[in-house]
Every structure is written in C-alpha cells, then in structure tokens.
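J.: Got a sequence here, can you model it:
(chains A and B)
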Amino acid sequence: MDMSNAPKEDPDNFDGEVQETMVERQAVPPNVPNLLRVSPMDTTTSTDVETSILDPVVKSDTFCRFVFLNKGILHSHSKITLGLTAPDANTRFFSPNVGIHQLVSRCALKVGTKTLQEIDGYNFLSAYKSLFISNEHQKEREQVQSGRSVAHEFRYDNSDDINGGVGNDTQSFFYGLSNGREYRDHTGASFTAMTPDLEVHQWADIKNTPVFQIALSELFPMLKQTQLPLYMMQEQVSVELHFDPVNVNRAQAPSGTATATYAINQDELKLIADYIYYPQEMMTAYANANQTITLNHFDYRHSKVSVSSTTDDGQTRIRNLGGAGRIVTKVITGLQPDLATSDLQVTNKFCSISPEAKYSFGEAPAATKFNGSLTVNLKYNDRFLYPVDVTNPARQFHNTAQAEGMVPFVTREEFCAEGTALTGDEFMGYAQNSGDDADEVGVNGRFNWLSYRLNRNERVNTRGIEYFYKYDGLGNGGNFTQRSWLELAKLTTISNGFATTTLL
Amino acid sequence: MNVEIVPSNVTANGSISFKDGNPVIQFIIGEQDRMLLGQSVRFTGKFRTLLTSASSSTSGTSNLAMSEKLGVYSTIDTLTIKSQRTGQTLESIRHYNRFLSSYLPAINSLDDNMTHLYESALILPSYEAQTQSVVNIPSSSSTQNHFCMNLPCGLLSGGNPIPLMAEAVGGLLIELHLSPDSQVFHTMADGDSGSYSESLYEFSDVSLVAELAEPEPDMLRQMKSQPSGTYEYNSLSSYYQTINSANGIINFQLGLSRVLGVFANIIPASHINNLLYDGLATLYPTNNDGTSADIKELFFTRNGSKFPIDFNINTLQQTDAKNKVVDSQIIYNYMNAISKFADITRTTIGPVNSRLSDSVRFDKDFADGGCAFGVGVAFDNISDQGVDFRNVNFGINMSLDLTTDSPQAFFVFVHSKNTLVFGPQGMQVVQ
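T.: Numbering: from 1, shown residues only, chains lettered A, B, ... in the order given. Next up is the predicted model:
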C-alpha cells in the first residue's frame, strides 16, 4: 500500500555509494548522454576504474587546489580526505551535524577559467543538507566517513524505582543523541546524581588526528546527476577548497577545555580520484557522437545579513535575496549565532537557531510558558509564495521537506524547540536540552533550517525575491547572522572539449 | 501554487473539539481548472489536551495519556473524501485511527517516529516521553502543540495529480470525523480513569494546505475536451467483528473485485472508548486477566478454501506454550498485507513490541511505540491487480487460547484497487 507520508526516495541513499541508489534520486535531464549518467548501465560492457591519489598542487592552511588528469570519466564519488592536526593532548571534536564539512567554507569546481559550480558558506549549507540523511545512515556510516553522527535513542530509566510495575524498564521521559557509545558518568557521582555524558569515539577524537573524507558529489551537487567526461575536455579541471579562516569555526572543545589553534593537516590533504574507463572504441565513438554536451544543473548563491536579538525581535523585516532575472528553484535560510566562543558549543555556528522556548520539562502550563515564533513568506513577481504568512513550525518543517523532496531527520525539539523530550544529559559535557539562544550550548532548537520551493515555474523579475520574516521571542544571548542560499538553474555546455557555463 | 483552506464549518472561537460538539472538520477544495497534488495535502494547526475545559494536563499530577504511536492521528475516526460537485463519496475510511495504528508502525522506523513524525504528527514512540512532551506540554495554554500531517489514503497518496475541473472530479470535499475523547485518551495508572471523564482534546487554527498544479493552456484544453476519464487509486474498506471463543472465525462478503490484501488489528472490545485502556492499541489476543490467548493455528480462506496460503500457519505456541515470541509467519504475512514485505525498508515492528502480552496493564508498558501485532495476508504481490472477492467470502480462521469471557474486537481493513470514472453523466467509483 503506497500511502507513505515520507517522500519516496530512500533516505539511506543520500550519498549513494551503492550506485543503484542514485538512479531514482532526481530526474536526470534527458539531454545528458547515458554514459555520463550516475546510474548502472544495462550492458555487459566491461568497465575499468582506475584510482589515483592526487596531492594538491597548491596547499596552505586556508586553501588548496587539486587538478585532475584529463583521462577517463570522473567518478562523482571520488573523495577528498582531510583532517586537523591535533593542537594538544586534549579531546576535541567535529560538530556531529556537519562533521569534517565544517572545515570547508567555500568550494569551487573549475574548468579552465570557468567556474562550473561554486558554493560559498559551504560548511553552513552542509549543515542544512545533512538534515536529510537518515539517523541510521549517519550513525552507521557517515560517522566513520565524514564525522556526522546525528542519531537519537531513548534514555531509559533504571528499572528499580519507577512506576509501571516490577522490572519495567520501558519508561523513558527523554531521548538524546546517539552515536553507538554508552553515556558515561563524567562526574563520578552516584547513579542518581550523575549527569550522563555522551562522548565521541576515540577514533573521532581530534587528539588522535582522525582523517575523514568528503565525496565530490557532496561538494558539488551537480555531480550527483552527471559525471564529467575528463577525457573529452581540453582544459584543466580543478577543485578548489577554501578552509574556514576563523579558528573557532574549525572544531569544538568539550566543556571545560580551552580553545586551541586548529591547523589543517596538510599532509593528509588528498584527492582520491576514480577514473572510469569503457573500451577505447566505445569511448572514442561516444566522443565523436557527442561533440557538444549540455548539462542542466544548479548553482547556489549565498547572502547574509545581521539580525539583532533585540531590535529585530518582534519586527517584520523584508530582505531582498536577489535572483533578479534568474530561474530560482529553491531558497534556503537559517539563523546562526555570532559568538566569539562558538567552539564551546555542540554545533558551533553550523546550525540554525529557532526562537526560544520559555519553558522546560515538568513545569505547569501557564500563559508565560510559550514558544517563540518565526513568521515567514516569500514574494517574487509581485505575488507571495504562500497565501497566508506561515508561523506554524510544523508547517515550516513540511515546506522544507517539500522543497528538498525529503523529510528532515531531526526532532521537534531540535527543529523548533517545541516539546520537552530532549534530555538534559550531555554531549561532550554540554547539556543537550539547551541551545535555543546564541550563547547556549546544546542542540535544542539548533536545526531550524527552512527552505522554500518556488513552485510557479516563473523566472524572477527584476525586483528579485523578497524574504519577509518576523522573529518573536528570539533569545537575547547574542546577535545572529541570517544566511540564505538561492538555488539557481544553470546551463553548462562542453563543446569540442571546451566548457562554457551560464546562469539561466 | 500553494493554497491554504480553512474549514467550512469553522466555529466562532476558532477552536474545534469533539466534546464541545464539533465532531466533523470539513474542508472544500473548490472546483477549478487546476490539479491537486495529493501528496502535498496536509492537515495543519494547533493541538492541546485539557483535563477539564478549565484546566490543562500537568506533568506530575496527571496520568492522562494518548497513543504514542499515533499522536494527532489518534483523533481522526473517519476520513471521507467526496466530490464537491456531485457529493459522490470517492473514498471513506472508517476506523481511520485504527488503520493507521497498523499502517504507520509497519512502514516507518523508530527513527522516523522520533524525528519527522514527531514534528509533523506529534508521534513519539515512548509512552512517557510522548505524554510529557505533548499531553503535558507546559505551553498547552499558550502556543500549544503545532502539527502539520498528511492524510494517508489511496486518493491523496496515489501520486497522480487529481483533476479538480468541472469535467473531472469537480472539486473535493474532505471531511475529518473526530474520535471520542474516551477513545483518544487513557490513563497511565490503573484505577483513576474516572478522573479523566471530562478530559478533552482541542484543535485551533486548523487549515488544509496543499499545492495545486496549473496545466499549460494546451493541456488544459485537451483535458477539458475529453468526454470522459478515469482515475485509478488504491483504497481501504474497513470492517468490524468480534470473536469470543477458542475457535475464532471472521467471515465477510467483501464485495470488492480487485483485492490486494487484508489485514486486521485486535483489541479487547472492552477497551474501546474506555479511559482505563488505550483503545487504539493493536494487541495480541488476550484473556480478561491480560494473559495472552495464544494463537495456535491460523489460516485464511476464499470461498471456503484456504487461500492464498494453502496450508495452516502452525505457530510456535502450538508446541511450546511458554514461548513468548510472536510467530514470525504471522508478522511476516501481516506486514506483507500492509505493504509488500520486500519494499518495507523501514519499520518499527520488531521483537520488542510484537511479543505476547502478559500484563493486566496490557499495552501500557510496551517500548518502541506500543504493541504492534496484527494478522493479515497479501493476495497479489506479483501482478498488483488483485483478486476478485465480489461474490465470494473472505475468512480468517484461528485456534487460540481464548478461554475466558474476553470478546476480541477485530478491525479488518481490505486493501483494494478502485477506479474513478467521470464523464458527462457524472462520476462513479468502480470497486
């Protein structure tokens, strides 16, 4: 019976290591030749994959560039490995919701002097993209691959002294983060007095200099649909990564540990490039038959604005996001804290903070116990996207799911700080049930990413897209930055080995 | 384009509750030259629970609870979708909340329930956490609980856009019949159900949101010029019967021509509309003391013959009464009837919540979303065209240890294919 409330894509297949899983993810434009599609081929043709481990041609603590050899077809799941040098002997960790992605502030895929795709604010955008990876997938695979590990488990009580019968151990008031380790008593107190704490695995602890990897298709979403025919390209194809220059954005320290200086481990910067080969005559015939290849894909345009926790709170603001004259398919927004010590939080700045909840577990209902609210709408081509401004956070969650074609795998407390089921137990020493203010440290209200699908199939007029928003009840622990990305339709043409690219 | 539709029978104060005499919420998606994207339809609003009309449920002092595996879905007793133009019923699912109590756990994992279904439908598969975070939420008298949930049913989940033109469906009228408070609520304690006889749930700011597609002018002209059309979708028919003997027999004339599968969930009849028990639990058959009435043998019939499984399912309990594990053949066939088993990649049903009940508290202490038992069988997983049950009976036969006076209510759901035919003469649903 096909009545599922979740979109039909398999959430386990976000990264799509198993090639079969990529087939149905998004419709590939019909003009993309079969050979370049990310999909299995109905053929008995032998396929060879050659793997090269490339060192960057330029590398520093803030930048690196890799250059491909123009041979074969570039496998979209080729990986870039990277990590940090252990600053000292103290435990430190990457944010569980972005993992190693938090190091990369900008990435660009270039062909010759042309930029096919460039994402600014990549580490922030990856926090949004990571919402759509299922908990099971993050816990079992992404945790090892990229360091992302947002998953949940119920925090069951001790069976001795609870209601519900002898030996009943099914009662759970709360859930918490889960990464496969047991919570431990970091205070050393008795069982009833302890504050259980979840810690990252030893192999993910930065003091042990872990090396993680990012797939090219995650850095450059255009590669999810097509693979570059490097052997047909006359120009140099390169990948550029800019590492976040702000030191505290690079890693987090557990509660009680001081900030350190984080340096990119330049010895571990590698690009593990997989080049796919088919029989020579087939590749030659294909190149001759496809002198010109056109690829429809998206690019992301980043913009940001400061939001004051005092003067902007309770005020309707209108922000022009741009996009004039372009075909824009999606708008993504989020609100991040501006805090000099953001590395002393679970999510660092790579989050989107919701308005604050003015209550906590066990309190009696009262008019003073409420959730703050965010009211939003988009206006383009003189019409609003939604007939009535949207305030209901559950509906904003739905709009985000509709925009992405996939549900976010985050909880109600994490998304909008509504509810009381998030545990007060700790993650790396930080209470998980805090977070809905700039100076709070947990994951409560830290996943309030919103996105909007512009579903009228219209080109945006010269006025651009206007974002109407009103925060009511923002926390006053510090100011914020509101970041947005426009998803713009783009056309890339590879003709006689030379690429041209243009926004539509 | 996005639309937001408020109920056509909205109350003066904007709040809707069964107890205050508003048992139906009605939405009208008007007749227009657009197509409704059924999978985008969401019922949205605010939800809260009250101990009495004057006081909220409070943590620490109240044992009021609701089904943790259904959340807001527990409040919908019947979903009916009609044509606005003709009033013809296109789909009606009675016992909708009981259908979902089988359906949702079968196709959503524990993580789904803890994440997106918690945000959208206030489902949280831990009875205590759901109670504290939804029923006893401290904001119940202010911002309340927000929800925005889809309405799983054949017509809306079919995937094909629904033509709303006068020449086709002619607009839709969607009715949600609310469930009695006594069916939605139960007490987590054992002897205080009388304290909650005045408890109620309440909706406010409700609306139906959806996306409509506007066909290109050429396509619209072509659609409107067609003299007739058809729209095929899967649907559910629901039936109810009780058994109260060691030889349990369910027998129905289904009257459906393309039946894909039948599944049933069970609860002691005394638990329905009873604040002492969760009336939406899907329990293993139980005697009146809470002990399991072990199913020893099970088979399904079509026209008196075993079909489609031509052998008896002899359970583990037939030879080992001490075994508390539900026979995997029963669970497999049950899940397979809800959705093709091989396609179920995410599920909550597992050994933890499908074990045999042995407590007088019945379902109250099950982890992972509560008991998830049921029986069922799929008829056609190959051609997906179904089996003809127009003129023949369907039967479930079982031998079980139901040795006390404990009538077991069977909510039977039949999954079949329907075709909506529309033309100048009107429309007809061909089942």
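J.: Next, see if stretch B:341-361 gets close to chain A.
T.: Yes: residues of stretch B:341-361 are located near chain A by C-beta under 8 Å from any C-beta of the partner chain, namely B:T345, B:S359, B:R361. For every residue, glycine as well, the C-beta is placed using N, CA and C.
J.: Quick one: end-to-end length of stretch B:137-151, please.
T.: One end of stretch B:137-151 sits 24 Å from the other (C-alpha to C-alpha, to the nearest Å).
J.: my bad, stretch A:362-379
T.: 41 Å.
J.: hang on, A:N208 packs against A:Q202?
T.: Yes: applying C-beta atoms under 8 Å, one finds A:N208 in contact with A:Q202, separated by 6.2 Å.
J.: So for the residues of stretch B:341-361 next to chain A, which is the shakiest by pLDDT?
T.: Ranked by pLDDT, the residues of stretch B:341-361 next to chain A bottom out at B:S359, which has 80.
J.: Spatially, what comes nearest to it if we skip its sequence neighbours?
T.: Of all residues not flanking B:S359 in the chain, B:G290 sits nearest, at 5.1 Å (C-beta to C-beta, 6 or more residues apart in numbering or on different chains).
J.: which ones are touching that neighbour?
T.: Each residue near B:G290 by C-beta atoms under 8 Å, 6 or more residues apart in numbering or on different chains is listed here: B:S357, B:D358, B:S359, B:V360, B:R361, B:F362.
J.: State the distance from it to A:Q143.
T.: Distance of B:G290 to A:Q143, computed by C-beta to C-beta, to the nearest Å: 42 Å.
J.: Run through who's touching stretch B:213-230.
T.: Contacts of stretch B:213-230 (C-beta under 8 Å, 6+ apart): B:1, B:33-37, B:161, B:163, B:165, B:167-168, B:419-424.
J.: was I right about B:Y233 contacting B:V429?
T.: No: B:Y233 is beyond contact range of B:V429, at 9.6 Å (criterion: C-beta under 8 Å).
J.: between these two, who's got more neighbours?
T.: Set B:Y233 next to B:V429 and count neighbours by other C-beta atoms under 10 Å in any protein chain shown: B:Y233 wins out with 22 against 17.
J.: That one bridge partners, please.
T.: According to DSSP bridges, the partner residues bridging B:Y233 are B:N418.
J.: I'd like to know how many residues surround the residue of the stretch 201-350 of chain B at minimum distance from chain A.
T.: Chain A sits closest to B:S339 of the stretch 201-350 of chain B, with a gap of 5.2 Å, by C-beta to the nearest C-beta. Using other C-beta under 10 Å, B:S339 is surrounded by 21 other residues.
J.: right, and it touches B:A106 too?
T.: Yes: B:S339 is within contact range of B:A106, at 6.4 Å (criterion: C-beta under 8 Å).
J.: measure B:D289 to B:R361 for me?
T.: Taking C-beta to C-beta as the measure, B:D289 falls 11 Å from B:R361.
J.: Next: B:K296.
T.: Taking C-beta to C-beta as the measure, B:K296 falls 25 Å from B:R361.
J.: Look up which residues are beta-bridged to residue 427.
T.: Assuming you mean chain A. Per DSSP bridges, the residues bridged to A:F427 are A:L198, A:Y430.
J.: not quite, I wanted chain B
T.: On the basis of DSSP bridges, B:M427 is bridged to B:F422.
J.: wait, it sits on B:L172?
T.: No: here B:M427 does not reach B:L172: they are 12.0 Å apart, not a contact under C-beta under 8 Å.
J.: Now do stretch A:424-437: distance to the chain's middle.
T.: Relative to the chain's own centre, stretch A:424-437 is displaced by 21 Å; criterion: C-alpha atoms, centre = their mean, to the nearest Å.
J.: do stretch B:212-226 as well
T.: Distance, stretch centre to chain centre, for stretch B:212-226: 35 Å (C-alpha atoms, centre = their mean).
J.: next one: stretch B:53-66
T.: 25 Å.
J.: Please apply the same query to stretch A:213-222.
T.: Stretch A:213-222 sits 11 Å away from the centroid of its parent chain (C-alpha atoms, centre = their mean).
J.: can you map out the strands along the stretch 151-300 of chain A?
T.: Listed from the start of the chain, the stretch 151-300 of chain A has strands (DSSP state E, counting those that start in this stretch) covering A:152-155, A:174-177, A:184-185, A:196-198, A:212-215, A:237-243, A:263-264, A:270-277, A:292-307.
J.: Send over the last one as CSV, restricted to the C-alpha atoms.
T.: Presented in CSV, the C-alpha positions along strand A:292-307 are these (Å, rounded to 0.1, in the frame of the first residue of the first chain):
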residue,chain,number,x,y,z
THR,A,292,28.6,19.0,-27.7
ILE,A,293,27.2,18.1,-24.3
THR,A,294,24.8,20.3,-22.4
LEU,A,295,24.3,19.8,-18.7
ASN,A,296,21.5,21.4,-16.7
HIS,A,297,22.3,21.9,-13.1
PHE,A,298,22.0,24.2,-10.2
ASP,A,299,24.3,26.8,-8.5
TYR,A,300,24.0,28.3,-5.1
ARG,A,301,24.1,32.0,-4.4
HIS,A,302,24.9,32.8,-0.8
SER,A,303,24.0,36.0,1.0
LYS,A,304,23.8,37.0,4.7
VAL,A,305,22.5,39.8,6.9
SER,A,306,22.9,40.6,10.6
VAL,A,307,19.9,40.0,12.9
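J.: The lowest-mean-pLDDT helix or strand in chain A pairs with which strands, and in what direction?
T.: When the helices and strands of chain A are compared on mean pLDDT, DSSP states H and E, strand A:184-185 comes out lowest with a mean of 77. Using DSSP bridges, the strands paired with strand A:184-185 are strand A:196-198 (antiparallel).
J.: Need the pLDDT of residue 189.
T.: Just so you know, I chose chain A. Note on A:A189: pLDDT of 54.
J.: that's the other chain; I wanted chain B
T.: B:A189 is given a pLDDT of 90.
J.: tell me which parts of the stretch 401-504 of chain A are close to chain B?
T.: Selection of the stretch 401-504 of chain A residues close to chain B by C-beta under 8 Å from any C-beta yields A:401-402, A:407-413, A:415-416, A:418-421, A:455-456.
J.: Tell me the buried residues within the residues you listed.
T.: A:401-402, A:407-413, A:415-416, A:418-421, A:455 (16 or more other C-beta atoms under 10 Å in any protein chain shown).
J.: farthest-separated two in these?
T.: Spatially, the most separated pair among these is A:T420 and A:N455, at 35.1 Å (C-beta to C-beta).
J.: what about the helices in chain B?
T.: B:96-107, B:110-114, B:116-121, B:127-130, B:154-157, B:181-184, B:217-225, B:316-319, B:328-338 (DSSP state H).
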